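> Fold the following, please.
(one chain, ligands or ions: 1)
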Amino acid sequence: MRNTCSCFYRQLNDKLAPGSYSYLIIIDGVGLICTCLWRKQKKSDRFLNETIAWYEAHYPNLNRTPIKRVGGKGDFTINRSYKQDGRYYVGESGGLQDFMWGFGMRMAVWSGVLAANDILGKSDYEADVRKHLMPYVRTSVANRWLMNRVGDRTFKRMCKAWMKDQKKRGDGLIWIGKLFRPSFFKSILYRIVNPFMLTKDPKSMGRGVRRMPFRKALKRDVWEPSDRAVAIGEQWNEFRRKGAKVSFAKDTETEKKSQ
Ligand SMILES: Cc1cc2nc3c(=O)[nH]c(=O)nc-3n(C[C@H](O)[C@H](O)[C@H](O)COP(=O)(O)OP(=O)(O)OC[C@H]3O[C@@H](n4cnc5c(N)ncnc54)[C@H](O)[C@@H]3O)c2cc1C
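Okay, here's the model as predicted:
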């Protein structure tokens, strides 16, 4: 993309990003358009093509040239132990990630610091993870349960409330921060819903890992791509034939149910 501005646009759109979100970031003319899928993960290209078409339609000055397609897959688990046989399970290796939107950087850094403190003999990693991180992880499980129950109409209401609050307080982080913070309601909700949301992982080498599976596709996830999205897919195939690379194309790694 040859735009010179630096910008970040995030959107909640249940068609383009089933159960999750999509975004556009441009820094010094280099851009990224991304979509995250909590459901319907097979043939993920069609979601990306439709998302690119959406951003092109809403930001007509994009002037986009495809370079590369990248992707990744998150891992969401709650474990009985985070330290075993001298190994520290930090960040995503310990499943420490926000279950609602897949944000894992803060928890990766935070758990890394806690592990370092343990190695230096200052504290106990296992106890620290439980005390400091788990309340946030449990809150995010409750948030995910709530997110699974809503669609575009509620997203719109949430965004309006967020913008209104930002206008009033002059700071957008207050409203959104509250969503992630542990509360009495969310701790109760976690207790009720976690047995249904997390499934035991038999391959966890005795660490008692419970994993959050991605969700089954809904009826509304089946739709015909727009003409523009089809053209974007064809454009990408042409760039690929000329040598452009894809770093992630393993739909087969995803459980059948969520495809
Ligand atoms: C597209 C995308 C967008 C995201 N956006 C956000 C965001 O906006 N905000 C946010 O908070 N989070 C975001 N996340 C999630 C976040 O990036 C991860 O949760 C976070 O980076 C996890 O950090 P980590 O250190 O646990 O693991 P990683 O960042 O995955 O680091 C693990 C490292 O270990 C290396 N490694 C693996 N196996 C071995 C081995 N056997 N030997 C040696 N090295 C090995 C890997 O190569 C890698 O470098 C995003 C993730 C993706 C995929």
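
> All the strands of the protein, in order from the start?
7-11, 22-27, 30-35, 68-69, 77-79, 83-84, 87-88, 199-200, 209-211, 245-246 (DSSP state E).

> In a markdown table: those, plus mean neighbour count, mean pLDDT and distance to residue 191.
C-betas here are computed from N, CA, C, even on glycine. As requested, those are exported to a markdown table (neighbours: other Cβ atoms under 10 Å; pLDDT from 0 to 100; distance: least, Cβ to Cβ, whole Å):
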| stretch | mean neighbour count | mean pLDDT | distance to residue 191 |
| --- | --- | --- | --- |
| strand 7-11 | 13 | 86 | 31 |
| strand 22-27 | 18 | 94 | 32 |
| strand 30-35 | 18 | 94 | 32 |
| strand 68-69 | 14 | 92 | 41 |
| strand 77-79 | 22 | 93 | 13 |
| strand 83-84 | 18 | 92 | 25 |
| strand 87-88 | 16 | 96 | 28 |
| strand 199-200 | 11 | 92 | 17 |
| strand 209-211 | 19 | 92 | 14 |
| strand 245-246 | 11 | 86 | 42 |
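
> With adjacent residues omitted, what lies nearest to the residue nearest the centre of the chain?
The structure's the chain has its C-alpha centroid closest to residue 102; by Cα atoms, centre = their mean the separation is 3.0 Å. Distance criterion Cβ to Cβ, 6 or more residues apart in numbering; nearest residue to residue 102, sequence neighbours excluded, is residue 74 at 4.6 Å.

> So, low pLDDT: which residues of the chain?
Low-confidence segments of the chain (pLDDT under 70): 1-5, 249-259.

> For the ligand, what is the nearest residue in the stretch 101-250 of the chain?
Per Cβ to the nearest ligand atom, residue 104 is where the stretch 101-250 of the chain lies closest to the ligand, at 1.9 Å.

> Report the contact partners of residue 54.
Under the criterion of Cβ atoms under 8 Å, 6 or more residues apart in numbering, the neighbours of residue 54 are 13, 16, 22.

> Now do the same contact list for residue 51.
Contact analysis of residue 51 by Cβ under 8 Å, 6+ apart lists 16, 17, 22, 33, 34, 35.

> Could you measure from the last one over to residue 61?
Going back to what we said before, that points to residue 35. Distance, residue 35 to residue 61, by Cβ to Cβ, to the nearest Å: 21 Å.

> Which helix runs longest in this structure?
helix 152-169 (DSSP state H).

> Show me the contact partners of that helix.
Residues contacting helix 152-169 (Cβ under 8 Å, 6+ apart): 12, 13, 14, 15, 172, 174, 175, 176.

> Kindly recompute the last result at 6 Å.
By Cβ atoms under 6 Å, 6 or more residues apart in numbering, the residues outside helix 152-169 that reach it are 12, 14, 172, 175.

> And stretch 55-75, by the same measure?
By Cβ under 6 Å, 6+ apart, stretch 55-75 touches 1-2, 24, 33, 92, 95, 97, 102, 236, 239, 244-248.

> export that stretch as PDB, just CAs?
Extracted as PDB, the C-alpha positions of stretch 55-75 are listed here (Å, rounded to 0.1, in the frame of the first residue of the first chain):
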ATOM      1  CA  TYR A  55     -11.600  -2.200   3.300                       C
ATOM      2  CA  GLU A  56     -11.100  -1.200  -0.300                       C
ATOM      3  CA  ALA A  57     -14.700  -0.200  -0.600                       C
ATOM      4  CA  HIS A  58     -14.600   1.900   2.600                       C
ATOM      5  CA  TYR A  59     -11.100   3.400   2.100                       C
ATOM      6  CA  PRO A  60     -10.900   4.000  -1.600                       C
ATOM      7  CA  ASN A  61      -7.500   5.700  -1.400                       C
ATOM      8  CA  LEU A  62      -5.700   2.400  -0.300                       C
ATOM      9  CA  ASN A  63      -3.700   1.900  -3.500                       C
ATOM     10  CA  ARG A  64      -2.900  -1.700  -2.500                       C
ATOM     11  CA  THR A  65      -0.300  -4.000  -4.000                       C
ATOM     12  CA  PRO A  66      -0.200  -7.500  -2.500                       C
ATOM     13  CA  ILE A  67       3.200  -8.700  -1.200                       C
ATOM     14  CA  LYS A  68       2.600 -11.600   1.100                       C
ATOM     15  CA  ARG A  69      -0.100 -13.500   3.100                       C
ATOM     16  CA  VAL A  70       0.700 -14.600   6.600                       C
ATOM     17  CA  GLY A  71      -1.300 -16.300   9.300                       C
ATOM     18  CA  GLY A  72      -1.200 -18.000  12.700                       C
ATOM     19  CA  LYS A  73      -3.200 -20.100  15.100                       C
ATOM     20  CA  GLY A  74      -3.700 -19.300  18.800                       C
ATOM     21  CA  ASP A  75      -3.800 -21.800  21.600                       C
END
